[in-house]
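Student: Quick one: sequence plus predicted model below, questions after.
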Amino acid sequence: MSRPARMPARRQGGIAALELALLLPLFLFMIALPLFWGRVLWQYSAFQKATHDAARYLASVPIEDIQDPARANFVKNMAISIFSAETAELNSGNAIQPPVILCGAGNCGANLVPTTVTITADLTVSDIFFPSVTRNYIDSASSTQRATVTFPFVGN
């Protein structure tokens, strides 16, 4: 009995490189956007907590401190330092602006006892990993979020 003739091996040189070239943009896209949005959500969570802690501090200061303009300025600066200390580790790609602080409907230190304390801050997170990929798919390489926290003023 004779053996069947062997088929010559087919050359596949370069096929793997071609597959990689075709699939690499898809893999890059699948990595870039989850990294960006995961970073945005993590930074927003830390940013919201910093705003919350500063508002909680401001809502619990003594009434005398919030009514006296000189002491109210010190208390506001202390709330801003709490906010700044907690947001110092965030590398958003942009400078973090100080928050806007309102006691009731106006500024603190107006000789009135506020009913609420509100702190509002904005955060812009830029994509530091793949800005060109993100810019192509979401029309921007950054995301801006606002954290607003309102507490009733409890004073003691």
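Tutor: Okay, I see it. Numbers count the residues shown, from 1 in each chain.
Student: Over to stretch 105-123 now: how far is its first residue from its last?
Tutor: 23 Å (Cα to Cα, to the nearest Å).
Student: mind listing what's buried in it?
Tutor: Going by neighbour count (16 or more other Cβ atoms under 10 Å), the buried part of stretch 105-123 is C108, G109, P114, V117, T118, I119, A121, L123. The way it works is simple: take the backbone N, C-alpha and C, and place the C-beta from them, glycine included.
Student: what is the rounded mean pLDDT of that stretch?
Tutor: If you average the pLDDT over stretch 105-123, you get 84.
Student: picking up where we left off before, next step: the buried residues of stretch 105-123 restricted to strands.
Tutor: Among the buried residues of stretch 105-123, DSSP state E puts V117, T118, I119, A121, L123 in strands.
Student: Following the chain onward from the worst-scoring helix or strand of the chain on mean pLDDT, which element is next?
Tutor: Sorting the helices and strands of the chain by mean pLDDT, DSSP states H and E puts helix 131-138 at the bottom, at a mean of 71. Using DSSP states H and E, the next helix or strand after helix 131-138 towards the C-terminus is strand 142-152.
Student: Against which helices or strands is that next one packed?
Tutor: Helices and strands touching strand 142-152, by 3 or more Cβ pairs under 8 Å, 6 or more residues apart in numbering; DSSP states H and E, are helix 15-59, strand 116-126.
Student: The first one: how far from the chain's middle?
Tutor: By that I understand helix 15-59. 10 Å (Cα atoms, centre = their mean, to the nearest Å).
Student: Give the buried residues for whatever helix or strand comes next after it.
Tutor: Sequence-wise, the next helix or strand downstream of helix 15-59 (DSSP H and E) is helix 63-67. Within helix 63-67, the residues scored as buried using 16+ other Cβ under 10 Å are D65, I66, Q67.
Student: any chance of the residues you listed in CSV, plus pLDDT and distance to S84?
Tutor: Compiled in CSV, the buried residues of helix 63-67 are given as follows (pLDDT from 0 to 100; distance: Cβ to Cβ, whole Å):
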residue, pLDDT, distance to S84
D65, 86, 20
I66, 84, 20
Q67, 83, 25
